[in-house]
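Engineer: Give me coordinates for this.
(2 chains)
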Amino acid sequence: MTEAITWLTIFVLAAFVGIEVISKVSSTLHTPLMSGANAIHGIILVGAILVAGHTDSTPILGLSLVAVVLAAINLAGGFVVTDRMLQMFIRKRPVSGGDQRPGIEG
Amino acid sequence: MPPVWAQVVYLAAAVCFILALKGLSSPKTARRGNLIGAAGATLATVTVLISGKLDHLLPIGIAIVVGIAIGTIGAYRVQMTQMPQLVALFNGVGGGAAAIVALVELHEISERGGAPTFHLIATALTIIIGSVSFTGSIVTFLKLQELMTTRPITFAGYPILYGLALLSAIGFAVFLALFPTMVAGIALAVIGAGVGVLLVLPVGGADVPIVISLLNAFTGLSVAASGYVLENPLLLVGGTLVGAAGTLLTKLMATAMGRSLGNTLFGALKGGSTLG
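Structural biologist: Next up is the predicted model:
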């Protein structure tokens, strides 16, 4: 198996997992799920840190550091705003005795 | 290649992301899911700092702290009604970060004097999709924040301009694959930025959330491509998960709103109505 095929295999399998895990999402959770997924791609921070740490050119380091800041905003801000959204979601739909499954309408 | 222990941690972080998406799809587990995702991301970030044999650790550390501070303060200050545009903004800066990472890698490639064709194609893809996501998200932010009109914007010759922009994007991507230079990379970033604006302008205000979701999937794909370029499986898996889940979510959102994605994006261009 060549290396390119290994990467392609990971890509295809991850794509199926991505589709499969969210296929049963309730429509009330569309926005928080989008926000949570948005936070996850902030993991580009790892890539930004790697390129910043491996360059010896000062202008390129500056550019990489911009990417580090932007990625960190995406990552940290994304998870925090998703959590705030979900807090409101839970507060808005308290679990009461009769209604054990809030938010599964639609 | 990073040390074995670091690769194991990256795998664990990738699993955290899968569990995060799984958790986020059900009301009972949503908050826990989000926290698992955050834990995975933290784990991966600490790991790359320790295991990456990096120079410039001090400026990198400062940049991380600055970014976390801006993101967290923004997320805490925002009003509930403004959350969608904040998500759009976060998505845009993520796309911008991916495009910059690919440009920096392209600089390294041009210094080394070339790279395998697949690498160059993935680099070109990261730059273009990242830039589309960056400017597209900024326009969606401006629309939702009502800093510009929320009505669809089109003009005579719009489809032609759109087509030309897409064609030149493909052209420059091929050019970059053949001649990996920074000039080609920057040209590609500029064209991508233009395509991003053209993509979102004809979309009416009520449809904007669908487009944010689509751009979210775009950023995911761009991060996935950068994972291949940097040979980092975590970026590939994390980006692909978001790209795939985001694409399905876009479709689900459009269906829930009784809209088709094609009509959302191109309805105004065909002269049909989009919701304003």
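Engineer: Give the burial count for the residue of the stretch 101-250 of chain B found nearest chain A, as a bare number.
Structural biologist: Closest residue of the stretch 101-250 of chain B to chain A, Cβ to the nearest Cβ: B:A244 (3.1 Å). In short, each C-beta sits where N, CA and C put it, glycine included. By other Cβ atoms under 10 Å in any protein chain shown, the residues close to B:A244 number 27.
Engineer: for chain B, what's the longest helix?
Structural biologist: helix B:83-112 (DSSP state H).
Engineer: pLDDT below threshold where in chain A?
Structural biologist: A:1, A:91-106 (pLDDT under 70).
Engineer: ok, back up a step: now do the next helix or strand after the longest helix of chain B against helix B:83-112: the angle between them, please.
Structural biologist: Once helix B:83-112 ends, the next helix or strand along the chain (criterion: DSSP states H and E) is helix B:117-144. Angle between the axes of helix B:117-144 and helix B:83-112 is 150 degrees (criterion: axes from the mean of the first three to the mean of the last three Cα atoms, to 10 degrees).
Engineer: Averaged pLDDT, helix B:117-144. What do you get?
Structural biologist: For helix B:117-144, mean pLDDT is 95.
Engineer: what about the strands in the stretch 151-276 of chain B?
Structural biologist: Assigned strands in the stretch 151-276 of chain B: none (criterion: DSSP state E, counting those that start in this stretch).
Engineer: What parts of it come near chain A?
Structural biologist: Residues of the stretch 151-276 of chain B lying close to chain A by Cβ under 8 Å from any Cβ of the partner chain are B:209, B:212-213, B:216, B:219-220, B:223-224, B:226-228, B:230, B:232-249, B:252-253, B:256.
Engineer: How far off centre is the helix or strand A:A4 falls within?
Structural biologist: Element membership of A:A4, judged by DSSP H and E, is helix A:3-22. Relative to its chain's centre, helix A:3-22 lies at 16 Å (Cα atoms, centre = their mean, to the nearest Å).
Engineer: Now do the helix or strand bottoming out on mean pLDDT in chain B: which elements does it pack against?
Structural biologist: Scoring the helices and strands of chain B by mean pLDDT, DSSP states H and E places helix B:261-266 at the bottom, with a mean of 88. When contacts are defined as 3 or more Cβ pairs under 8 Å, 6 or more residues apart in numbering or on different chains; DSSP states H and E, helix B:261-266 sits against helix B:208-229, helix B:233-256.
Engineer: which of those helices sits most buried?
Structural biologist: Using mean count of other Cβ atoms under 10 Å in any protein chain shown, the stretch among the helices and strands packed on helix B:261-266 with the greatest mean number of neighbours is helix B:208-229 (a mean of 29).
Engineer: Could you list every helix and strand that that helix packs against?
Structural biologist: Against helix B:208-229 (3+ Cβ pairs under 8 Å, 6+ apart) you get helix A:3-22, helix A:30-40, helix A:44-53, helix B:83-112, helix B:117-144, helix B:182-200, helix B:233-256, helix B:261-266.
Engineer: where's B:I18 relative to A:L65, distance?
Structural biologist: Relative to A:L65, B:I18 is positioned 30 Å away (Cβ to Cβ, to the nearest Å).
Engineer: How about B:V174?
Structural biologist: Applying Cβ to Cβ, the value for B:V174 to A:L65 is 31 Å.
Engineer: Sounds good, over and out.
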